[in-house]
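Q: following is a predicted model, sequence given first.
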Amino acid sequence: MDSVIMKATTVLTAISTLLLGALLHVYIKNLKQIRSKFTIGLFIFALLFLIQNIVSLYYFITMMDYYSAEVEVHVFILTLLQATGFAVLLKITWE
């Protein structure tokens, strides 16, 4: 049976993926204008986190039943912190 916490974690991971897609969009635009190590680093940072989130999303969807109740809360908290961090970074970057 799918747990509510793991469903919420999956939704948060999808949100993080969308936030990272938006960050990548901004970073690609910046990279075209400013070719510096910093902009390349931001692009790589967002790209690697996007890959990690896509892989996590796949595992959450396909292996949700295998997560133990003890781990679900920790995974949710880490995912919530990550999504919050990406949202703050996107807000700051967009301005």
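A: Alright, I've got the coordinates.

Q: make it CA atoms for all contacts and neighbour counts henceforth
A: Fine.

Q: tell me where this structure has helices.
A: Along the chain, counting by DSSP state H, helices occupy 4-33, 37-63, 69-94.

Q: could you list the buried residues of the shortest one?
A: Meaning helix 69-94. For helix 69-94, a neighbour-count test (16 or more other Cα atoms under 10 Å) marks Glu72, Phe76, Thr79, Leu80, Gln82, Ala83, Thr84, Phe86, Ala87, Leu90 as buried.

Q: what's the answer for the second one, then?
A: Along helix 37-63, the positions that meet the burial threshold by neighbour count (16+ other Cα under 10 Å) are Thr39, Leu42, Phe43, Ala46, Leu47, Phe49, Leu50, Asn53, Ile54, Ser56, Leu57, Phe60.

Q: repeat that for the first one.
A: By neighbour count, with 16+ other Cα under 10 Å as the criterion, the buried positions of helix 4-33 are 5-6, 9-10, 12-24, 26-28, 30-31.

Q: show me the contact partners of stretch 72-83.
A: Applying Cα atoms under 8 Å, 6 or more residues apart in numbering, the external contacts of stretch 72-83 come out as Ile5, Met6, Ala8, Thr9, Leu12, Thr13, Ile15, Ser16, Leu19.

Q: no further queries at this time; thank you.
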